[in-house]
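1. What shape does this take:
(chains A, B, C and D)
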There are 2 protein chains.
Amino acid sequence: MTASAQPTHPRRSDATRAAILRAARERFAADGYERATIRAIAADAQIDPSMVMRYYGSKEGLFAAAAEFDLRLPDLSAVPPARLGEVLVRHFLARWDGDETLVALLRAASTNPGAAERMRGIFADQLTAAVTAFGSDSALTARRAGLVASQLLGLAFTRYIVRLPPMVDTPPEELVSWIAPTLQRYLTGLPES
Amino acid sequence: MTASAQPTHPRRSDATRAAILRAARERFAADGYERATIRAIAADAQIDPSMVMRYYGSKEGLFAAAAEFDLRLPDLSAVPPARLGEVLVRHFLARWDGDETLVALLRAASTNPGAAERMRGIFADQLTAAVTAFGSDSALTARRAGLVASQLLGLAFTRYIVRLPPMVDTPPEELVSWIAPTLQRYLTGLPES
DNA sequence: ACCGTATGCCAACAACTGTTGACATGCAAT
DNA sequence: ATTGCATGTCAACAGTTGTTGGCATACGGT
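-> Numbers count the residues shown, from 1 in each chain, chains lettered A, B, ... in the order given. Presented below is the predicted three-dimensional model:
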């Protein structure tokens, strides 16, 4: 609110800011919110801890900046309805493998109320919005989105956090073939079956 | 291993020990491993922090004692194969609602390596064992157990940790009717469908 | 009644945490 | 060249953490 995003002169400290953010994502993803100390992050970024405070205000502020991200959901209305589940799982797996931001958020959401709030926002807003595109009953739609989230987050939790061996070892394509039908039914099916 | 369970005289401090354990479970479940401080737990149990150390050795030791628990899986071989999924979800939901130990373990598993290891043990051993009862191919069986774990832990994560509104508000019976078919397919179905 | 021991409390330690302010340094504009 | 500001370093703070040892007390067996 104070300093908005003008076409402001590229600051000389942008490299440092980026290094801090990269180190922060790594540490938050690997250790969770409380174990990831500002000192360790600063050491990784090879700068002084006080710089973190100057540029991000506080640890909470740093996390807020580091956990900023977008699901980048594709346009689901352009996907054949019968392949929705498949597209979703594949997209999420690719997204998780390529960006540790989500792992950081997932780990932190277990213990940090702010992170949990953000996680709620992401899945309630972005996912529900994508699902709403082809549903009318709002209560049922929210329920569908929640169920989809439960399976997708469970996949992430077992594969990236707890690291259950079978979930880590199974190749992505086979995970897709198992999980896609689940999402498909959550999205378009009916409960009694 | 050191002091096994003799019919040892019931110690006079058993009440205190139990109070500590109860407070520990509450705090670990509510705050996670690192935010649950020994001082806070001791205050809840209305005793001195040093008592926790005397009786449980360390914070890790306390957590190990507090997170000790059993899935108490029913005998799946006595269940009609077509109703396996339903029985499993219902059992897990009841187990989670009635005992916050699992929530504590779930929260801690995100940041504490020891807790994650224990979680792996529980689901790899107990769940895999239960699934193995009616499967022969061991690699596929492990995969089935992993998939079941992913959906069940995702359910717990979204409902008890992140508290996604739709997952919290949906009555247990409806959750069962949605999720049971998923587990059913993971347990007895084939990937391509 | 006496004594050993289990139980409990108190005070303190050392390490670590997020955070702050003072001070140096170097870039860029006047 | 000189001024102003952004960038970076250093040291320290106040609070919290897990953990420890000493000391009182009260129970239970003799």
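
2. ok now the least confident helix or strand in chain A by mean pLDDT, how far from the chain's centre?
-> When the helices and strands of chain A are compared on mean pLDDT, DSSP states H and E, helix A:128-132 comes out lowest with a mean of 82. Distance, stretch centre to chain centre, for helix A:128-132: 17 Å (C-alpha atoms, centre = their mean, to the nearest Å).

3. Need phi/psi at A:Gln46.
-> phi 60, psi 50 (degrees, to the nearest 10).

4. Could you measure from it over to A:Ala30?
-> According to C-beta to C-beta, to the nearest Å, A:Gln46 stands 18 Å off from A:Ala30. All C-beta atoms are positioned from the backbone trio N, CA, C, and that covers glycine.

5. Of the two, give the one with the bigger neighbour count.
-> A:Ala30 (14 against 10; other C-beta atoms under 10 Å in any protein chain shown).

6. Please identify the helix or strand for the more buried one.
-> Using DSSP states H and E, A:Ala30 falls within helix A:14-31.

7. residues in contact with the residue of chain A found nearest chain B?
-> Using C-beta to the nearest C-beta, the closest approach of chain A to chain B is made by A:Gly154 at 1.9 Å. By C-beta atoms under 8 Å, 6 or more residues apart in numbering or on different chains, A:Gly154 lies in contact with B:Ala149, B:Ser150, B:Gln151, B:Leu152, B:Leu153, B:Gly154, B:Leu155, B:Phe157, B:Thr158.

8. do the following helix or strand past the helix holding A:Ala30 and DNA strand C meet at all?
-> Next helix or strand after helix A:14-31 toward the C-terminus (DSSP H and E): helix A:38-44. Yes: using C-beta under 7 Å from any atom of the strand, helix A:38-44 reaches DNA strand C at A:Ile38, A:Arg39, A:Ala40.

9. any idea how far the residue nearest the centre of chain A lies from A:Val87?
-> Central residue of chain A (C-alpha atoms, centre = their mean): A:Leu102, 3.2 Å from the mean position. For A:Leu102, the distance to A:Val87 equals 18 Å [C-beta to C-beta].

10. Does the residue of chain A closest to chain B lie in a helix or a strand, and which?
-> helix A:138-156.

11. what's the neighbour count on A:Asp137?
-> Counted with other C-beta under 10 Å, A:Asp137 comes out at 9.

12. returning to that earlier point: close enough to count as contact, the residue nearest to the centre of chain A and A:Arg95?
-> Yes: using C-beta atoms under 8 Å, A:Leu102 is in contact with A:Arg95, at 6.7 Å.

13. Write out the residues of chain A neighbouring DNA strand C.
-> Going by C-beta under 7 Å from any atom of the strand, the residues of chain A near DNA strand C are A:12, A:36-40, A:49-50, A:52-53, A:58-60.

14. Low-confidence regions, chain A specifically.
-> Residue ranges of chain A with pLDDT under 70: A:1-9, A:133-136, A:191-193.

15. quick one, the helix holding A:Gly154 and helix B:138-156 angle?
-> Comparing the axes of helix A:138-156 and helix B:138-156 via axes from the mean of the first three to the mean of the last three C-alpha atoms, to 10 degrees yields an angle of 130 degrees.

16. list the helices and strands the helix or strand following helix A:138-156 packs on?
-> Using DSSP H and E, the helix or strand that directly follows helix A:138-156 along the chain is helix A:165-169. Applying 3 or more C-beta pairs under 8 Å, 6 or more residues apart in numbering or on different chains; DSSP states H and E, we find helix A:165-169 packed against helix B:138-156.

17. does chain B sit close to stretch A:36-52?
-> No: against chain B, stretch A:36-52 shows no contacts by C-beta under 8 Å from any C-beta of the partner chain, the least distance being 9.4 Å.

18. which of the residues in that stretch are buried?
-> Within stretch A:36-52, the residues scored as buried using 16 or more other C-beta atoms under 10 Å in any protein chain shown are A:Ala36, A:Ile38, A:Ala40, A:Ile41, A:Ala42, A:Asp44, A:Ala45, A:Ile47, A:Met51, A:Val52.

19. If we check DNA strand D, which of those are in contact?
-> Applying C-beta under 7 Å from any atom of the strand to the buried residues of stretch A:36-52, those adjacent to DNA strand D are A:Ile47, A:Met51.

20. and which of the buried residues of stretch A:36-52 is nearest to B:Arg72?
-> A:Ala36 (35.5 Å; C-beta to C-beta).

21. If you tally nearby residues, what's the number for the nearest residue to that closest one once chain neighbours are set aside?
-> In this structure, A:Ala36 finds its nearest non-sequential neighbour in A:Arg27, 3.9 Å apart by C-beta to C-beta, 6 or more residues apart in numbering or on different chains. A:Arg27: 22 surrounding residues under other C-beta under 10 Å.

22. do the same with A:Arg163
-> 14.
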